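[1] Below: sequence and its predicted model.
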Amino acid sequence: MGPAAVAVLVILCAAGAEARVPAGHLATRRRDSVPAGVGACALAVAPFGYPCEEHTMTTVDGYILSLQRIPRGRRPSGGGGAGQPVLLQHGVLTDGMTWLLSSPEESLAYILADSGFDVWVANNRGTRWSSRHVSLDSSSRRYWDWSWDDLVVNDMPSMVDYICSHTAQKPHFLGHSMGTLVALAAFSEGRTVDKLKSAALLTPVAYLSHMTTPLGILLAKAFVGEAGGGEPLQGTVPPSWNQLLRPPHRLHRYLYFLLVLVCVHASRGFRAERPWRVRTAGKNYCLNSSAVDVFLQYEPQPTSTKTMVHLAQTFRDGVLSKYDYVWPGVNVEKYGQPDPPAYNMSNIPPGFPLFLSYGGRDELADPVDVGRLLGDLRGHDPGRLTVQYLEQFAHADFVIGTCAKDYVYKDVVSFFNRFN
Ligand SMILES: *[C@@H]1O[C@H](CO)[C@@H](O)[C@H](O)[C@H]1NC(C)=O
Ligand SMILES: *[C@@H]1O[C@H](CO)[C@@H](O)[C@H](O)[C@H]1NC(C)=O
């Protein structure tokens, strides 16, 4: 990478950062689909006839997050007592609406509620209903100065604590995509494991080396400012992608560091531009096109640029570590060592009940990468590790697929019941 290439990158990066700030098209769409002051309960849950409560809580670092609670199903339950709480955690570039849009027969949130569970739907910082902070404005840079490490340390433990104290019970956890990455990283550091009964991970992500999804392109576009335009997000990662993220020499490392600084600090959060495709991660097996249209009225949601950079580092490095500040001095300042510390999946307590479900056609949670995670979990108590492989499933099938109820959710319900 010569100086000219660096100059080009800086220019493209600046252009990309600028292009992301006023998210014109998406913002317009959102205003149309969500009237001001209306929450997810009123918008998505109440029309199906379920009880629903809006909750808000504040993380230690000041982010105000919202949770939707569906305390029971539509039919009055026999026992009348409170059901077992379950926390549903969405993935990157989406929010809790992911779980609430399909019909009650097809959506995991409603299926769990109708099976007697007390369902809590998470919304990470930066998404539509969790965009407030005690002192920072969501249009400021400082508001967006976090990576998924901060979800591991703050958002997930805070939400689990909130549910524990509100219901006086330990919840089960269920995550999809980046929701599983955050959970696995937290478990590997011993966070929340003693406060959860079990965890079900759909499309578990710990390693991303074999990711072939066009989401990679989306990530690349975040850096090189090609977002927008009319092409569908298809194809593979461009050759420059690796070079961009792995500068070969030390001098370039410093230049790259400056570049990342410029990119991260010039941006106020990452927004995926249209056209967003649900087919961003493999050819899905049972998506209903009208359900997909509904989904696209609410997604994608913004996340921080630092989160996208961090995911890109996971893809590049083939290891799961904390955010790499690239400059060894900065890493020493943050972590006390020149390289960011790794999350070690072998440290997940072997007696913690885990359910993993993954798909053969998933281009994001690629079966090879999931295999590596399973290798790390080989010391896990076999009675407490359930693994399900669905050859025909891709990434989105697990959340909005019409057949997920038959292939996945039934088993999730019986897994939770086993560890109640
Ligand atoms: C697809 O979704 C629409 C609207 O939600 C519904 O009317 C239709 O029955 C669904 N089709 C299938 C195959 O599930
Ligand atoms: C992870 O931890 C296990 C023991 O818990 C250890 O054997 C292994 O070397 C560690 N892996 C890494 C990459 O540090």
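    Perfect, I can see it now. Numbers count the residues shown, from 1 in each chain. Ligands and ions are numbered 1, 2, ... in the order given.
[2] What are the buried residues along the helix or strand harbouring residue 68?
    Counting by DSSP states H and E, the element that carries residue 68 is strand 63-70. Within strand 63-70, the residues that count as buried by 16 or more other CB atoms under 10 Å are 63, 65, 66, 67, 68, 69, 70. In this view, the C-beta of every residue, glycine as well, is placed from N, C-alpha and C.
[3] can you redo the residues you listed as JSON lines with pLDDT?
    JSON lines is the format used below for the buried residues of strand 63-70 (pLDDT from 0 to 100):
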{"residue": "63", "pLDDT": "97"}
{"residue": "65", "pLDDT": "97"}
{"residue": "66", "pLDDT": "96"}
{"residue": "67", "pLDDT": "97"}
{"residue": "68", "pLDDT": "97"}
{"residue": "69", "pLDDT": "97"}
{"residue": "70", "pLDDT": "96"}
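[4] Tell me where the chain has strands.
    53-58, 63-70, 85-89, 118-121, 132-133, 172-176, 199-202, 354-359, 385-390 (DSSP state E).
[5] Remind me what the longest one packs against, helices and strands.
    On a contact count with 3 or more CB pairs under 8 Å, 6 or more residues apart in numbering; DSSP states H and E, strand 63-70 meets strand 53-58, helix 108-114, strand 118-121, strand 132-133, helix 156-167.
[6] Could you list the residues in contact with the fourth one?
    Okay, so that is strand 132-133. Contacting residues not belonging to strand 132-133 are listed as 62, 63, 64, 138, 143 [CB atoms under 8 Å, 6 or more residues apart in numbering].
[7] Check pLDDT for the residues you listed and point me to the minimum.
    When the contacts of strand 132-133 are sorted by pLDDT, the bottom entry is residue 138 at 88.
[8] Just the pLDDT for the nearest residue to it once chain neighbours are set aside.
    Computed as CB to CB, 6 or more residues apart in numbering, the closest residue to residue 138 that is not its neighbour in sequence is residue 131, at 4.6 Å. Note on residue 131: pLDDT of 91.
[9] Residue ranges in the stretch 201-350 of the chain under the pLDDT threshold?
    For the stretch 201-350 of the chain, the stretches with pLDDT under 70 are 212-282.
[10] same thing but 50
    For the stretch 201-350 of the chain, the stretches with pLDDT under 50 are 220-254, 265-266, 268, 271-280.
[11] Quick check: the farthest pair among the buried residues of strand 63-70?
    Greatest spacing in those, by CB to CB: 63 and 70 (23.0 Å).
[12] ok, the residue of the stretch 301-420 of the chain at minimum distance from ligand 1 - how many residues close by?
    The nearest approach of the stretch 301-420 of the chain to ligand 1 comes at residue 402, 4.4 Å away (CB to the nearest ligand atom). Neighbour count for residue 402, taken as other CB atoms under 10 Å: 16.
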